[in-house]
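Undergrad: Provided below for reference: sequence and predicted model.
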Amino acid sequence: MAQFLGKGSPRPPKTSKVRLYCSRFDPFTAGLRYVLREKGVEFENIYIDTHNDTAEWYKDINPTGEIPCVEIGDEAIPETFIIYDYLEAKFPSVKTQHTGNAYKWAKDRLFATRISQNLAPKIGGLVKEPEKNLSEIATKLKTVNSILSKRGTDYIGGSSPNYADYYLWGWVELIPAIKAAHNLKFDLDREEYKHYWAWISRMDKNKHIEQDRIDRKVNLKLRTEFFKSVIAGKPNVLVGL
């Protein structure tokens with residue numbers, strides 16, 4: 001089971017195993033876990049309490065105090081997209097980026113970057129200002145639908161998901177839980193968004209995503225309860241454990 005560490009917790013001893021500093025319901029880290037599973041890399045989650053007081057020693061690992069951060073022995077790398085690149089170079093036997101095709105690599109990075117800049121903040125904003133962000137999310141997801149249509153492939157990565165798919169999934173998998181927590185009506189038309197919905201159906205059945213839910217004891221019901229606790233001003237990262 002993952003460790004939950006906050007203020008006053010001792011720093012875990014260094015290890016040669018991949019260690020992922022994250023939070024239990026954190027979308028920034030979700031795609032990294034899926035990529036590590038895709039690559040067949042054994043890793044451990046260390047949950048950092050970002051809602052209350054962060055463990056004092058964590059800033060020795062990442063001076064900003066932010067998550068995610070990956071640590072392997074004496075190597076510590078922060079920042080989501082930098083971590084994706086680091087993992088791709090560190091564990092190259094299973095590819096999750098088009099590193100051999102400069103154009104495809106650039107197109108995927110542009111896609112992921114625009115998701116991080118334009119869609120992710122709107123999904124995050126649903127927690128406190130749901131009505132303000134719903135229409136903009138629908139617009140951004142229409143763009144995703146269009147991109148999937150133009151690519152003519154099952155995934156952003158092609159015939160199988162790559163890091164850009166996993167990054168996007170880490171965000172959109174939160175929408176049903178936040179919607180349920182607020183009791184919102186938000187249903188994208190199945191025909192108008194058919195490429196997006198087909199992608200959702202495939203990703204939801206992805207074996208690495210399914211196994212991650214089981215291993216970490218996180219599902220729609222528990223995510224919903226977590227977001228209810230956030231909305232109430234008392235984030236409960238231990239819900240369901």
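TA: Received, thanks.
Undergrad: The closest residue to L141 other than its chain neighbours is in what secondary structure piece?
TA: What sits nearest to L141 in space, not counting adjacent residues and going by Cβ to Cβ, 6 or more residues apart in numbering, is Y196, at 5.8 Å. For every residue, glycine as well, the C-beta is placed using N, CA and C. Take DSSP states H and E as the rule and Y196 turns out to sit in helix 194-204.
Undergrad: Just the residues contacting the helix or strand just after that helix, thanks.
TA: Following helix 194-204 in sequence order, the next helix or strand is helix 207-216 (DSSP H and E). Residues from elsewhere that reach helix 207-216 (Cβ atoms under 8 Å, 6 or more residues apart in numbering): 2, 24, 30, 33-34, 37-38, 45, 169, 173, 203, 218-219.
Undergrad: Mind checking which of those are buried?
TA: R24, A30, R33, Y34, R37, E38, N45, W169, E173, M203, V218 (16 or more other Cβ atoms under 10 Å).
Undergrad: could you redo those as CSV and give each row distance to E191, pLDDT and secondary structure?
TA: Formatted as CSV, the buried ones among the contacts of helix 207-216 follow (distance: Cβ to Cβ, whole Å; pLDDT from 0 to 100; DSSP: H, G, I helix; E, B strand; the rest coil):
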residue, distance to E191, pLDDT, secondary structure
R24, 36, 92, coil
A30, 29, 97, helix
R33, 33, 98, helix
Y34, 29, 98, helix
R37, 33, 98, helix
E38, 31, 98, helix
N45, 39, 94, strand
W169, 22, 99, helix
E173, 22, 98, coil
M203, 20, 98, helix
V218, 31, 94, coil
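Undergrad: list the contacts for the nearest residue to D108 once chain neighbours are set aside?
TA: In space, not counting the residues next to it along the chain, D108 is nearest to A164; the distance is 4.5 Å by Cβ to Cβ, 6+ apart. For A164, the contact set (Cβ under 8 Å, 6+ apart) comprises D108, R109, F111, A112, I115, I156, G157.
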